[in-house]
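Asks: sequence isn't available, so here's the structure alone:
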């Protein structure tokens, strides 16, 4: 199964190389595409040099920062054209452990979407303050209630899609650009295919800055509320 790991980056020069190395060490049929938003810290240049040394690494450079969702959609289109069977989402900052990727890969042949979940039995979060855990649990619980889904971790950015299924999911325009992008696709997937959650250990980044902002949180809450009300009305 030819599998592509898509990693969006913006100023991840301190962590992305280690993440890529650990991923590629898992299996010879794993490939990596870094979608870089013109990082001023030189992330793109680093990946360009790494791609010259290892043909399993590719770089998709964008001119400006346009949001997580747009970056992933461009990465997905690249993957479709290259004929990959499965497409993986992974953060560049080391919060998604490559050793957990093996657990997701074991499930992907029998599923349309496999989500690495922090909030099912066996899932863990390391180095998060209690307040952030509470916000994440509340957000996921609210999304689950409003959208009528059983998925425990709608916001997880650690997941594997069957490429043919993902192509169907994004054939209709995706409205989200921030982290609600993950919720929107998980919601669509729950209505159309087989979704499985696998427990993972999420580790808070040790370097760099989080991209989470109040605006991103508010966007997600607004969109989830809109989708939920639309579901009830229709």
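Replies: Good, I have the coordinates. Just so we're clear, the structure is a prediction, and the values are computed from it rather than from any experiment.
Asks: CA only for contacts and neighbour counts going forward, please
Replies: Fine.
Asks: which residue is nearest the centroid of this protein?
Replies: When the chain is reduced to its mean C-alpha position, the closest residue under C-alpha atoms, centre = their mean turns out to be residue 157, at 3.0 Å.
Asks: I figured residue 198 hits residue 106, correct?
Replies: No. Taking contact to mean C-alpha atoms under 8 Å, the distance of 9.9 Å between residue 198 and residue 106 leaves them out of contact.
Asks: please say which of those two ends up with more neighbours.
Replies: residue 198 (21 against 12; other C-alpha atoms under 10 Å).
Asks: show me the contacts for the nearest residue to residue 42 once chain neighbours are set aside.
Replies: Distances taken as C-alpha to C-alpha, 6 or more residues apart in numbering put residue 13 closest to residue 42, at 6.5 Å, once the chain neighbours are dropped. The contact partners of residue 13, taken as C-alpha atoms under 8 Å, 6 or more residues apart in numbering, are 41, 42, 43, 46.
Asks: which among those gets closest to residue 233?
Replies: In terms of C-alpha to C-alpha, no member of the contacts of residue 13 lies closer to residue 233 than residue 43, at 45.7 Å.
Asks: so the nearest residue to the closest one once chain neighbours are set aside: helix, strand or coil?
Replies: In space, and not counting its chain neighbours, residue 43 is closest to residue 13: 4.6 Å by C-alpha to C-alpha, 6+ apart. Classification of residue 13 using DSSP: H, G, I helix; E, B strand; the rest coil returns coil.
Asks: give me the pLDDT for residue 13.
Replies: According to the prediction, residue 13 has pLDDT 96.
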